[in-house]
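Q: missing the sequence, but the structure's below:
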């Protein structure tokens, strides 16, 4: 019995991907990246983020070049005759100084490190915990789901500032504590989405097929269901990072997070308290950088969501057509 | 390369590969706001006994709600049985837990109806087909890949498409992927749950032929579930008919289609469409009145009595047992107090429609 | 006097991956009181053509004509079409759950359909709805008229659709896969009903389906569609016993109960239905055809009548006398085609499969 082999004629596939015939396993990842490449807003956001990352990475470099330290009080060089901070552009301070004579630019750069580190790390922890909790809750259902779902509901309705105050007063403000607190309050957002997705995926026929093959529960959760969750999780994580950054800035602003003399955009803003309109460079620059960073992440998250959604194909098709006239 | 997988263990348990006795599966219906309590149950399968002989194809037909899909899943032990015994290849599977079932899964596999839903769209085809080999630790790495590609060729897929995603294949090809996945463990029994219903006509024939050829080459036994009677007639050696959770008739193919004894089988056969205009129009249709009763509250006695043209008093009180009638072969069983004799005509329901049509036409057109 | 005459209907949709040519030059006609069965698989264009005729595809590129009662449906405005829809031409769809409004009671929906085309007041229309439900054999129609679609079974919902369609005694009923989602016994009831109604009311019917069994039961004439065009047209007996087009022949060999199946083994058609974006050149069926010749790759065969049959036409380059479903005719076809085969046609999947007598899976 001889069998003839088949060429992939992708056709009658219904509302799904209009299978473009003859490709070599174009993974969803590649398709998403291709789509993102056409999105100008996404590209701009990525550009901004790259700059900020470079700024953060290059903080020691900037400190070395300007010769200023982010934490060392510098009253002699950094303040004017009356002990007032220097405005931007004077005395080799590109963005001015604060009331302790420290270079705002260098502090911004080091602050970027904190923001990005906390933002990304806290989100990463929250994502991992959220995915695991959500998967277990959604897949197993029953009493486990009841407990975990209630737990997530409680966490989401908790007044986080009060809780943070309590924790800080017990343990003292520190970077690891900040990261853990933020992660703890963020995991539920991801957990709920993952739980919902897991609940619906578990009824699908491919899960039944996996059962019939003899797959164990853990395998089904992580090898079968998890890949189907990647899309919403990535979008949510991308949108969670700016929330985490703001959270950190808030905590630092309240004195509950990163404390002086370490520079954080949050505590730079609290330094600005009482300064008024005169030393505008105290708060404008941290604010602008915070805004730019969070805006970039938010826009990127939206773009990623559109890129992952097969239904938005018309938009991307239009863009592709514009790129190649004729 | 297919010999790399160890051949299935030599036969145990005699002539019957699968034996089901008194299978019952009820799904509880729960109500309540805080604490759900059971108020009733859907009696999807309510006492089914059947046997599947080695190497045969047993067809299982019935309409929506008859419980054939549930029965298939009971046989595959995809959920616990409410009651009954299940013996596969001599081993008692009735009350095994999930982990205890795992080794037996190598002997029985399933092909699903929906070529789009039964494959994980986020996994590559090679990984999907190789899944069973990974789960049962049969092969790793390059060896696994070779085996998977072997199975792909056997079912008519291009082995070079190993890394593609299901979305890049057509419906018929996806169904072949499902077949390859089911074959990977070299099972003895494959339960086919409506394997061709969702496919185009020309592709259906391809898959039917594929399944037939594989049966010969791999020595498979099939439980073939479908609602299309012509397809079932074509592929099966024996056929069982289900109605509302029970088997009403089971016989060799030519006996069932030639001299059906149960009134429901008669109605079903008369209703099925044949692709032959002479036969299609000459057929005397038996029109059943009413709708299928709910499996939550099945009728008393014989479940079919509410719609049966031959029903009499005893039918609503005493449930008939599956037995062979006088003059029929021992393998032809029907559960009926008044089986249909050769050449007997059962009533049809045309009169009602004609009457109403005349009234309708009497009105002046708009 | 033809009721509906469709001439060279072409429908295409622009999409992200290219232009989908759903219908590519379809011509057929329907006589009053007759049933035309339209057979085709996915992508044949059968549903699209029906929807287009009723103006239900506003975004598409449409050309050609569909003349109903001396008026071209394709050039009518939506307002004019609305007066025709329901009253002169009615349509029922495959899935009654999605084509009935889930939020309104069934009786209300039927009454709405009636009132859209007449001056009846609400109560009279509701009474008419009850009578219609009785007509389509729904038990206890007075009660059922107040039910919601999701409270009814699939068969009953489909009967409600038929009731709605028949309410205004249309001249033409288009049924798009009316029985596909239903069980065999319910399917039988429904087809009986349609046949009865059609005979008594005298309306014409177009039944669109992929099920050859339904065609055999209900159609007087059959139109076989492939890749957006008509491949063959004849009366039912001719299609099933002496078809000309290899696609029809192939279909008859693929269906277990069909006339073309001999000796217990199905002979499927190689390959899958074609992409409508990259439609094959020449005859759309040529990649899968076991009898393909060089001409089939280059030139689209026109739909021409077969002199031997009455009203039998086929779009194929094989000579008209080669009709039938037996091994003898297949051999004759193969012999003829062999003499016109060239380097390209010898490599086609359909031809190769037939030549190697391989198990034809691909």
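A: Nice, I can see it. Since we're looking at a predicted model, the values are computed, not measured.

Q: from residue C:155, how far off is residue C:111?
A: 22 Å (CB to CB, to the nearest Å). The way it works is simple: take the backbone N, C-alpha and C, and place the C-beta from them, glycine included.

Q: which stretches of the stretch 51-200 of chain A have low pLDDT?
A: A:83 (pLDDT under 70).

Q: quick one, helices of it?
A: Ranges of helices in the stretch 51-200 of chain A, per DSSP state H, counting those that start in this stretch, are A:59-66, A:75-78, A:104-140, A:142-157, A:160-171, A:175-201.

Q: just the ones you listed: most buried one?
A: Highest mean neighbour count of the helices of the stretch 51-200 of chain A: helix A:104-140, a mean of 23 (counted as mean count of other CB atoms under 10 Å in any protein chain shown).

Q: what's the offset of stretch B:110-129 from the middle of its chain?
A: 20 Å (CA atoms, centre = their mean, to the nearest Å).

Q: so which helix or strand takes in residue B:126?
A: helix B:125-135 (DSSP states H and E).

Q: centre of the chain to that helix, how far?
A: 25 Å.

Q: does it reach chain A?
A: Yes. Residues of helix B:125-135 contacting chain A under CB under 8 Å from any CB of the partner chain: B:131-132, B:135.

Q: and stretch C:128-141, what's buried?
A: Within stretch C:128-141, the residues that qualify as buried are C:128-138, C:141, counting by 16 or more other CB atoms under 10 Å in any protein chain shown.

Q: once you drop chain neighbours, what's closest to the residue in the stretch 151-300 of chain B positioned nearest to chain C?
A: Relative to chain C, the nearest point of the stretch 151-300 of chain B is residue B:273 (2.7 Å; CB to the nearest CB). Computed as CB to CB, 6 or more residues apart in numbering or on different chains, the closest residue to residue B:273 that is not its neighbour in sequence is residue C:213, at 2.7 Å.

Q: residue B:229 is in contact with the one you found, correct?
A: No. Distance between residue C:213 and residue B:229: 9.6 Å, which falls outside the contact criterion (CB atoms under 8 Å).

Q: which residues do these two both contact?
A: Taking CB atoms under 8 Å, 6 or more residues apart in numbering or on different chains as the contact rule, residue C:213 and residue B:229 both touch residue B:272.

Q: what does the helix or strand where residue B:50 lies contact?
A: Element membership for residue B:50 (DSSP H and E) is strand B:37-53. Under the criterion CB under 8 Å, 6+ apart, residues B:15-31, B:58, B:67, B:70-71, B:74, B:84, B:189, B:221, B:223, B:240, B:242, B:244-247, B:250, B:295-298, B:322 lie in contact with strand B:37-53.

Q: buried residues of that strand, list them for me.
A: Buried-residue list, strand B:37-53, by 16+ other CB under 10 Å: B:42-46, B:48-52.

Q: roughly how far does the residue of the stretch 1-150 of chain B found nearest chain C sit from residue B:203?
A: Per CB to the nearest CB, residue B:63 is where the stretch 1-150 of chain B lies closest to chain C, at 3.9 Å. Distance of residue B:63 to residue B:203, given as CB to CB: 24 Å.

Q: between those two, tell me which one has more neighbours.
A: Shown here are residue B:63 and residue B:203; by other CB atoms under 10 Å in any protein chain shown, residue B:203 has more neighbours (28 against 21).

Q: what's the angle from the helix or strand that contains residue A:211 to helix B:125-135?
A: Per DSSP H and E: residue A:211 is located in helix A:205-213. For helix A:205-213 against helix B:125-135, the angle by axes from the mean of the first three to the mean of the last three CA atoms, to 10 degrees is 30 degrees.

Q: quick check: which helices or strands does helix A:205-213 pack against?
A: For helix A:205-213, the elements it packs on are strand B:108-111, helix B:125-135, helix B:171-183, judged by 3 or more CB pairs under 8 Å, 6 or more residues apart in numbering or on different chains; DSSP states H and E.

Q: now chain C, which segments are flagged as low pLDDT?
A: C:263, C:309, C:357-362.

Q: and the residue of it found nearest chain B, how many neighbours does it have?
A: Scanning chain C for proximity to chain B using CB to the nearest CB identifies residue C:213 as nearest, at 2.7 Å. When neighbours are defined as other CB under 10 Å, residue C:213 has 27 of them.

Q: and it, that one's in a strand?
A: No. Using DSSP: H, G, I helix; E, B strand; the rest coil, the assignment for residue C:213 is helix, not a strand.

Q: which residues touch residue 168?
A: In the absence of a named chain, chain A is used. By CB under 8 Å, 6+ apart, the neighbours of residue A:168 are A:177, A:256.

Q: sorry, I should have been clearer: chain C.
A: So residue C:168 contacts B:366, C:86-87, C:90, C:113-114, C:117-118 (CB under 8 Å, 6+ apart).

Q: the nearest residue to residue B:126 once chain neighbours are set aside: neighbour count?
A: Leaving aside its sequence neighbours, residue B:126 sits nearest to residue B:162 (CB to CB, 6+ apart; 3.9 Å). Using other CB under 10 Å, residue B:162 is surrounded by 18 other residues.

Q: and the pLDDT for residue B:162?
A: Here the pLDDT value assigned to residue B:162 is 91.

Q: how far away is it from residue A:36?
A: 27 Å.

Q: what does residue B:132 give?
A: 36 Å.

Q: between those two, point out the one with more neighbours.
A: residue B:132 (26 against 18).

Q: isn't that one right next to residue B:185, touching?
A: Yes. Residue B:132 lies in contact with residue B:185 (CB under 8 Å); the separation is 4.9 Å.

Q: give the residues shared as contacts by those two.
A: A:213, B:109, B:138.

Q: same list, those residues, but as TSV with neighbour count, pLDDT and distance to residue A:187 please.
A: Formatted as TSV, the shared contacts of residue B:132 and residue B:185 follow (neighbours: other CB atoms under 10 Å in any protein chain shown; pLDDT from 0 to 100; distance: CB to CB, whole Å):
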residue	neighbour count	pLDDT	distance to residue A:187
A:213	24	93	32
B:109	27	95	39
B:138	19	91	38
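
Q: how far away is residue B:189 from residue A:216?
A: Residue B:189 is 22 Å from residue A:216, by CB to CB.

Q: show me which of the two is the more surrounded one.
A: residue B:189 (21 against 13).

Q: now that one: closest residue in space, sequence neighbours ignored.
A: residue B:108 is the one closest to residue B:189 (CB to CB, 6+ apart), at 4.3 Å.

Q: mind listing what the one you found touches?
A: B:18, B:75-76, B:88, B:187-191.

Q: do the same with residue C:32
A: Counting by CB under 8 Å, 6+ apart, residue C:32 has contacts C:1, C:3, C:171, C:202-204.
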